[in-house]
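Visitor: with the input below, show me the fold.
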Amino acid sequence: MSGTPSDLRCESCGYSLAGLPTDGSCPECSTPIQESMGRAGSPWQQKPSVESWLRTATLTLLQPRAELARISTVRSVGSLRRSSLAVMTIPIPLTVVSTMMVRGWGALFDVLFFGSLSFLVVLGAAIVGLFATHSLMLFGAGERRTFASAAGAHGIAALSLLFNIWFVIAAFALVLPMSPFMMASFTIASAYPLGVLVWICLFIATMWRTSGE
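Guide: Model (predicted):
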């Protein structure tokens, strides 16, 4: 009889199952431990790395329902959230510095514009995401509460990827000389936040549906 992993928690109530026999039940809610071991988890939860973070963020972005259906509720969620927030901060100074180096102080207004826009996107995403996650945790049962925490962390990973893609487009718009390509990049970068907010709403709806399955 083998013991459970040190990071395993009950899928129903979140109780720590570390070291308990795998054929037993949760001491808190009596859910069979095997049910909590059934989900393989996202690529990041299975083996944290740069590659698995990118795969997790991409799968959550493109196939949120399938990815949320296989996540483990608590494994490595904290590290995924911290890593995603750290990745989200990388493109901001790079975009600002590269733009100022190429275009000088004349680009200050554009930099401030995209900086303010990026702040609003992050703020809006945080407000909407926190509201949905906490609503799920507040009004849902124990299983929904633990699922909301894991799903929210995966949503942040996808948002971090979206944020980085947006800054690549914005960098082209800011650095390139006036041209049709530059104008197209500027238009896409300006409309991009709306698309992000639409994705957030769709992800929240998917999270609510998946949590009830």
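Visitor: only C-alpha atoms for contact and neighbour calcs from this point on.
Guide: Will do.
Visitor: who does the longest helix seen in the chain touch, helix- and strand-wise?
Guide: In the chain, assigned by DSSP state H, the helix with the most residues is helix 142-175. Counting by 3 or more CA pairs under 8 Å, 6 or more residues apart in numbering; DSSP states H and E, the packing neighbours recorded for helix 142-175 are helix 50-62, helix 77-89, helix 91-103, helix 108-139, helix 180-211.
Visitor: give me the mean pLDDT for that helix.
Guide: Averaging pLDDT along helix 142-175 gives 78.
Visitor: just want the angle from that helix to helix 77-89.
Guide: Angle of helix 142-175 versus helix 77-89, following axes from the mean of the first three to the mean of the last three CA atoms, to 10 degrees, is 10 degrees.
Visitor: and the angle for helix 142-175 with helix 180-211?
Guide: The directions of helix 142-175 and helix 180-211 differ by 180 degrees, with the same axes, to 10 degrees as the criterion.
Visitor: and Leu94, how far is that from Ala158?
Guide: 20 Å (CA to CA, to the nearest Å).
Visitor: compare these two (neighbour count), which wins?
Guide: Set side by side, Leu94 and Ala158 show unequal neighbour counts under other CA atoms under 10 Å, the larger going to Ala158 at 26 against 13.
Visitor: report the contact partners of the more buried one.
Guide: With contacts taken as CA atoms under 8 Å, 6 or more residues apart in numbering, Ala158 has the following neighbours: Thr56, Ala57, Thr58, Thr60, Leu61.
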